[in-house]
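Asker: need a structure here:
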Amino acid sequence: MKNFIIIFIVLISFYSCIATCDDVKKECIPLSYNILVISKSKSRDFAFKGYDKKGNYDQFQISQYWDFYDYVEKGDSIVKISGHKELMLIKKDTTLIFPLMCSGQIVE
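Answerer: Numbering: from 1, shown residues only. Presented below is the predicted three-dimensional model:
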């Protein structure tokens with residue numbers, strides 16, 4: 001019986017960590033970024049170091065719901081406008097737009 005209770009608690013904990021697409025929308029759409037990237041690393045989320053528009057140094061994380069990490073290079077700007085689902089990666093010669101993704105689908 002004790003093992004059953006432990007397994008039940010573990011399962012409840014696991015399922016409570018799974019985000020629905022509605023949760024993703026609520027979390028990500030209000031976010032706002034405008035950062036000049038100086039370095040990047042990968043953990044649970046995408047981690048970046050850079051400068052904001054005012055020149056202030058910042059360290060920040062961006063959710064992996066935007067699949068853009070492999071495209072980011074030092075000197076690029078990451079821009080996300082609050083209320084929009086898309087994230088823009090501005091390079092010296094082009095701008096890439098990444099849709100908000102959830103469960104392999106574009107969030108509408």
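
Asker: all helices for this structure, in order.
Answerer: 2-16, 21-28 (DSSP state H).

Asker: list the contacts for residue 52?
Answerer: 34, 35, 36, 58 (C-beta atoms under 8 Å, 6 or more residues apart in numbering). In short, each C-beta sits where N, CA and C put it, glycine included.

Asker: For burial, what's the neighbour tally of the first one?
Answerer: The one in question is residue 34. 16 (other C-beta atoms under 10 Å).

Asker: Can you give me the distance of it to residue 87?
Answerer: Residue 34 sits 11 Å away from residue 87 when distances are taken as C-beta to C-beta, to the nearest Å.

Asker: Please enumerate the shared neighbours of those two.
Answerer: 78, 79, 80.

Asker: give me the number of residues near the last one?
Answerer: By that I understand residue 80. Residue 80, neighbours per other C-beta under 10 Å, totals 23.

Asker: Ok, the one 4 residues further on next?
Answerer: Per other C-beta under 10 Å, the neighbour tally for residue 84 reads 16.

Asker: can you redo the contacts of residue 52 as a markdown table with distance to residue 108 and pLDDT?
Answerer: A markdown table is the format used below for those (distance: C-beta to C-beta, whole Å; pLDDT from 0 to 100):
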| residue | distance to residue 108 | pLDDT |
| --- | --- | --- |
| 34 | 25 | 91 |
| 35 | 26 | 90 |
| 36 | 31 | 91 |
| 58 | 31 | 86 |
